[in-house]
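Q: turn this into a model:
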Amino acid sequence: MASNIAKEREWSRECSRRAKALGVNFQFDSRASTAYTDGRTVTCPTLPTNPSPEDFTLLRGQVIHECGHVIRKDIFDILEKACIKGGSPIWALTNMIEDEAQERAIARQWPGDEKTVR
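A: Down below sits the predicted model:
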């Protein structure tokens, strides 16, 4: 357990550096089932007790993806102005389209991130 806490702290620092570069915070949340952002904080599920290298790759991909939403927030501003609630079918469809678009844009800007995001 102690080594998991140390690893989580190390990865939290790494993820925080990436988020901070965009002016947002990073946190782990044991209640989260998936990564998400509200535009001010990137939140990821807490790492498993014995995280594998694949768990860290997944975490890195989640942070890259959610930071992409922070960079490209215009679509969410449009949905909010149109009073389309998060979680509604139209919001979910728009989010799926934006997921692909922003990951492609991130991969063009930072080619090293493409493998992790995919």
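Q: hey, let's count contacts and neighbours off CA atoms from now on
A: Will do.
Q: can you pull out the low-pLDDT segments for the protein?
A: Applying pLDDT under 70 to the chain picks out residues 1-5, 8, 109-118.
Q: what helix or strand is the residue most central in space within it located in?
A: With distances taken as Cα atoms, centre = their mean, the chain has residue 66 as the residue nearest its mean C-alpha position (2.6 Å). Residue 66 is located in helix 53-71, with elements delineated by DSSP states H and E.
Q: so what touches that helix?
A: Applying Cα atoms under 8 Å, 6 or more residues apart in numbering, the contact partners of helix 53-71 are 15, 18-19, 22, 35-37, 39, 42, 44, 47-48, 99, 102-103, 106, 113, 116-118.
Q: residue 105 and residue 9: what is the separation?
A: In this view, residue 105 and residue 9 are 29 Å apart by Cα to Cα, to the nearest Å.
Q: the longest helix belonging to the chain packs against which elements?
A: Longest helix in the chain, counting residues (DSSP state H): helix 89-109. The helices and strands touching helix 89-109, judged by 3 or more Cα pairs under 8 Å, 6 or more residues apart in numbering; DSSP states H and E, are helix 53-71, helix 111-117.
Q: between helix 89-109 and the longest one, find me the angle.
A: With axes from the mean of the first three to the mean of the last three Cα atoms, to 10 degrees defining the directions, helix 53-71 sits at 100 degrees from helix 89-109.
Q: can you tell me the SS state at residue 79?
A: With DSSP: H, G, I helix; E, B strand; the rest coil as the basis, residue 79 sits in helix.
Q: quick one, what contacts it?
A: Residues in contact with residue 79 (Cα under 8 Å, 6+ apart) are 85, 91.
Q: any idea how far residue 87 is from residue 93?
A: Going from residue 87 to residue 93 by Cα to Cα gives 9 Å.
Q: then residue 43?
A: With the distance defined as Cα to Cα, residue 43 ends up 21 Å from residue 93.
Q: more neighbours, these two?
A: Comparing residue 43 with residue 93 by other Cα atoms under 10 Å, the one with more neighbours is residue 43, at 21 against 12.
Q: just the element for that one, please.
A: strand 41-45.
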